[in-house]
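Undergrad: fold the following, please.
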Amino acid sequence: MFEFMTIRELYDLIKTNNILEMDSLQYVQLQGWIRTNRCNGSVGFIELNDGTFFKNCQLVYTPQLANFSEISKCLTGAALTVIGKFKLTPENKQPFEIELTEATIEASCSNDYPLQKKRHSLEYLRDLAHLRVRTNTFSAVFRVRSSLAMALHEFFQNQGFVYVQTPIITGNDAEGAGEVFTVTTRKDDKYDQDFFGKRASLTVSGQLHVEAYALAFRDVYTFGPTFRAENSNTKKHANEFWMCEPEIAFADLEDDMNLMEDMIKYCIQYVFDNCSEEMEFFNNFIDKDHTLIERLKKVLDSSFARINYSDALQQLKAVEDQFENKVFWGMDIQTEHEKYLTEKYGPVFVMNYPKESKAFYMRLNDDNKTVAATDLLMPVVGELCGGSQREERYDVLLNRMNEMGVPVSSLQWYLDLRKYGCCQHAGFGVGFERLLMYITSMENIRDVLSYPRTPRNLQF
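TA: Below you'll find the predicted structure:
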């Protein structure tokens, strides 16, 4: 008799030191794919992975196996169903192995399989997005991605937030930057005759839509795909990516920053708790300094600093000769400035930016020069997420829209919210891939998206 098991279940037995269950476990059945297969004629070793766990399971087979010759010639990538004796091997590199008694080839793999037993570059693997998840690096990336998505949901759900699915097709450009993908059924520009009777685009943000729900449910969040028609080929930009955007009613900028800090720490701890093997892999093989885990634990133990934009500029101005970019009021804080500030403070919120540099919906401060906005800067990666207190005053919001050339007619519904019991409220957005890159130390957004969409790249 045998018991069907997954590799995760077997490793869990070892981790929990469940002696009674291990003693009763004699023969197991596994199903998975060959990562490596080597045989010297008298004994063979297969590294099998079934997708349930980051680590492989070692299978040992000898000529006593009925189809020994067939199995010994099995190539990397082939799918197997095996039955074998479970054997503890605490003296070896792996804590256990399976001595095969039966092996069935469920699906063979041709010898032109492009993933072989050698280290492939990340650039090479980007052209194999349909296969790269079978490698250690991408197996780890996308398992952490799955856990990180669950961390965000659990964090907000545990605090009573309502999850809102905002539209992907929209008539609004939330950021007002005009970098949108048009959705159309026509070959001309006559949008009044188009499917929706007006110009439609893929959403750049769910924020404006989810704000309406915050004014009914108090605490809400949206988490889904967003799109930017930005012709950028940097490591941090993609044309399709995911955003998590919470909105909280009866809240100000201080509440917003508290929520941001709590969310980041919760996500880090959740990944530590659920992906410990993957995090060790990232620390040892992906992070250049091998200090990823140490850095993230330091974040967990820290209190995030808070400084005003004007104070940050004053500090940067005092050491301006260190920088390539000049320091002046109204500038965007550059990467080198972020590095200086995070080396000095650790995680730090920079607050109250010049109104000209921020979006129309951010609340105008009493000085009439700045808005109640913040960016969270983190060591090594710089800006991780940003948010603001939203402008709840109808007249002020209308003036800001006119000043910035934001079309009022298509956003009249958003303005109307300010007439119907609009209380003080705030929110922020975090790019999901940017958060994932931060936690895993992956440097290119193309390597944390399953099928990256970037300029001139629509391969799959």
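Undergrad: low-confidence stretches in the stretch 1-150 of the chain?
TA: Counting by pLDDT under 70, the stretch 1-150 of the chain has low-confidence residues at 19-23.
Undergrad: tell me where it has strands.
TA: Using DSSP state E, counting those that start in this stretch, the strands assigned to the stretch 1-150 of the chain run over residues 3-4, 27-39, 44-49, 57-61, 79-88, 96-107.
Undergrad: packing partners for the longest one?
TA: Read it as strand 27-39. Identification of packing neighbours for strand 27-39 by 3 or more Cβ pairs under 8 Å, 6 or more residues apart in numbering; DSSP states H and E yields strand 3-4, helix 7-15, strand 44-49, strand 57-61, helix 68-72, strand 79-88, strand 96-107. Every residue, glycine included, has its C-beta placed from N, CA and C.
Undergrad: cool, the fifth one as well?
TA: In terms of contacts (3+ Cβ pairs under 8 Å, 6+ apart), strand 79-88 is packed against strand 27-39, strand 44-49, strand 57-61, strand 96-107.
Undergrad: name the nearest residue to residue 281, sequence neighbours excluded.
TA: If you skip the residues right next to it in sequence, residue 281 has residue 140 as its closest partner in space, 5.1 Å away by Cβ to Cβ, 6 or more residues apart in numbering.
Undergrad: what residues are up against that neighbour?
TA: Residues in contact with residue 140, defined by Cβ atoms under 8 Å, 6 or more residues apart in numbering, are 54, 275, 278, 281-282, 440.
Undergrad: redo these as TSV? Include distance to residue 410, secondary structure and neighbour count.
TA: Below are these laid out as TSV (distance: Cβ to Cβ, whole Å; DSSP: H, G, I helix; E, B strand; the rest coil; neighbours: other Cβ atoms under 10 Å):
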residue	distance to residue 410	secondary structure	neighbour count
54	47	coil	21
275	43	coil	22
278	44	helix	24
281	47	helix	21
282	44	helix	23
440	39	helix	26
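Undergrad: now for residue 169: which residues touch it?
TA: Listed by Cβ under 8 Å, 6+ apart, the contact partners of residue 169 are 183, 196, 200-203.
Undergrad: on that earlier part again, looking at the strands of the stretch 1-150 of the chain, which is closest to residue 348?
TA: Closest to residue 348 of the strands of the stretch 1-150 of the chain, according to Cβ to Cβ: strand 44-49, at 41.0 Å.
Undergrad: just put the strands of the stretch 1-150 of the chain in TSV and tack on distance to residue 172.
TA: As requested, these are exported to TSV (distance: least, Cβ to Cβ, whole Å):
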stretch	distance to residue 172
strand 3-4	51
strand 27-39	45
strand 44-49	45
strand 57-61	51
strand 79-88	47
strand 96-107	48
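Undergrad: of these, which is nearest residue 351?
TA: Closest approach to residue 351 among the strands of the stretch 1-150 of the chain (Cβ to Cβ): strand 44-49, 46.8 Å.
Undergrad: direction included, what does that closest one pair up with?
TA: Strand 44-49 sits in its sheet next to strand 27-39 (antiparallel), strand 57-61 (antiparallel), going by DSSP bridges.
Undergrad: winner for burial among the ones you listed?
TA: Ranked by mean neighbour count, the strands paired with strand 44-49 are led by strand 57-61 with a mean of 22 (mean count of other Cβ atoms under 10 Å).
Undergrad: just the C-alphas of that one, formatted as CSV.
TA: Extracted in CSV, the C-alpha atoms of strand 57-61 (Å, rounded to 0.1, in the frame of the first residue of the first chain):
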residue,chain,number,x,y,z
CYS,A,57,12.5,15.7,-3.9
GLN,A,58,15.4,13.2,-4.6
LEU,A,59,14.3,9.9,-6.2
VAL,A,60,16.8,7.0,-6.2
TYR,A,61,16.4,4.1,-8.6
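Undergrad: residue 290 contacts residue 284, correct?
TA: Yes - counting by Cβ atoms under 8 Å, residue 290 sits close enough to residue 284 to count as a contact (6.1 Å).
Undergrad: just give me the neighbour total for residue 55.
TA: For residue 55, the number of neighbouring residues by other Cβ atoms under 10 Å comes to 18.
Undergrad: show the contacting residues for it.
TA: Applying Cβ under 8 Å, 6+ apart, one finds that residue 55 lies in contact with 7, 11, 94, 277.
Undergrad: how much space separates the closest residue to residue 233 other than its chain neighbours from residue 230?
TA: With Cβ to Cβ, 6+ apart as the measure, residue 455 is the residue that lies nearest to residue 233, at 6.0 Å, once sequence neighbours are left out. Using Cβ to Cβ, to the nearest Å, one gets 8 Å for the distance from residue 455 to residue 230.
Undergrad: shared neighbours of the two, anything?
TA: Contact with both residue 455 and residue 230 is made by residues residue 239, according to Cβ under 8 Å, 6+ apart.
Undergrad: neighbour-wise, which of these two wins?
TA: Each of residue 455 and residue 230 has its neighbours counted (other Cβ under 10 Å); residue 230 has more, 16 against 13.
Undergrad: hang on, the earlier thing: between the helices and strands packed on strand 27-39, which gets nearest to residue 310?
TA: Checking the helices and strands packed on strand 27-39 against residue 310 by Cβ to Cβ gives helix 7-15 as the closest, at 51.4 Å.
Undergrad: quick one: contacts of the closest one?
TA: Outside helix 7-15, the residues that reach it (Cβ under 8 Å, 6+ apart) are 21-22, 25, 28, 30, 32, 48-50, 52-53, 55-57, 86, 95-96.
Undergrad: ok, now stretch 187-205?
TA: 166-171, 173-175, 177, 179-186, 226-228, 243, 245, 429.
Undergrad: mind listing which of those are in strands?
TA: When the contacts of stretch 187-205 are checked against strands (DSSP state E), the matches are 169-170, 182-183, 226-227, 243, 245, 429.
Undergrad: save those as a markdown table, and put in pLDDT and distance to residue 70 too.
TA: As requested, the ones in strands among the contacts of stretch 187-205 are exported to a markdown table (pLDDT from 0 to 100; distance: Cβ to Cβ, whole Å):
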| residue | pLDDT | distance to residue 70 |
| --- | --- | --- |
| 169 | 95 | 53 |
| 170 | 92 | 56 |
| 182 | 91 | 56 |
| 183 | 92 | 53 |
| 226 | 96 | 50 |
| 227 | 95 | 49 |
| 243 | 97 | 50 |
| 245 | 98 | 54 |
| 429 | 97 | 54 |
